[in-house]
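Asks: Sequence first, then the predicted structure:
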Amino acid sequence: MTDDSETVIEAYDDGRRIVREARDRPDAYHFDGPDGRIASFDLPEAARLYADLYAITGGFDESQTGRRGVPPRIASADKAVRMTYLAVRLSVAYAAAAFEVDESVVSDAVNAVHARADDLRSGEAEND
């Protein structure tokens, strides 16, 4: 727990976590690291997906990427990671248009990223 308005809803071995901030307007969900807030979202699923991207890529820095920019580590990643980043930061429809594919292809990429992150985390847990 961080304070009365924030609750940790998921914690990862690397010190990162997803925090729910209770507020009068819809709650916010934040992906936090040891050095503070990394990103904020309206939905917990988006925060989890971002955490999965962060785990798969080994972390990335969004500073100075602008509203539609892509961090270099994301830009150099495989297509599923790039699609998923655009889906979580903008929308599934935007990602589909950017890659000129159907939205179902983006959804498949998102599911693949979730699965890769789960495999990565379960492998880390086995090594402990």
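Replies: Happy to help now that I have it.

Asks: Based on its surroundings, how many neighbours for residue 52?
Replies: Using other C-beta atoms under 10 Å, the number of residues around residue 52 comes to 22. Every C-beta, even on glycine, is put in place using the N, C-alpha and C of the backbone.

Asks: give the contact list for it.
Replies: Counting by C-beta atoms under 8 Å, 6 or more residues apart in numbering, residue 52 touches 84, 113-114, 116-117.

Asks: ok, of the residues you listed, which one's closest to residue 96?
Replies: Comparing those against residue 96 with C-beta to C-beta places residue 84 closest, at 11.9 Å.

Asks: quick revisit: most neighbours of all the contacts of residue 52, which one?
Replies: Using other C-beta under 10 Å as the neighbour criterion, residue 84 leads the contacts of residue 52 with 29 neighbours.

Asks: Please, which helix or strand holds that one?
Replies: For residue 84, the host element (DSSP states H and E) is helix 79-89.

Asks: would TSV of the contacts of residue 52 with pLDDT be doable?
Replies: Formatted as TSV, the entries for the contacts of residue 52 read as follows, by pLDDT from 0 to 100:
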residue	pLDDT
84	98
113	97
114	95
116	96
117	94
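
Asks: can I get these in a markdown table with distance to residue 32?
Replies: Supplementary listing: the contacts of residue 52 in a markdown table, determined by distance: C-beta to C-beta, whole Å:
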| residue | distance to residue 32 |
| --- | --- |
| 84 | 20 |
| 113 | 20 |
| 114 | 20 |
| 116 | 22 |
| 117 | 17 |
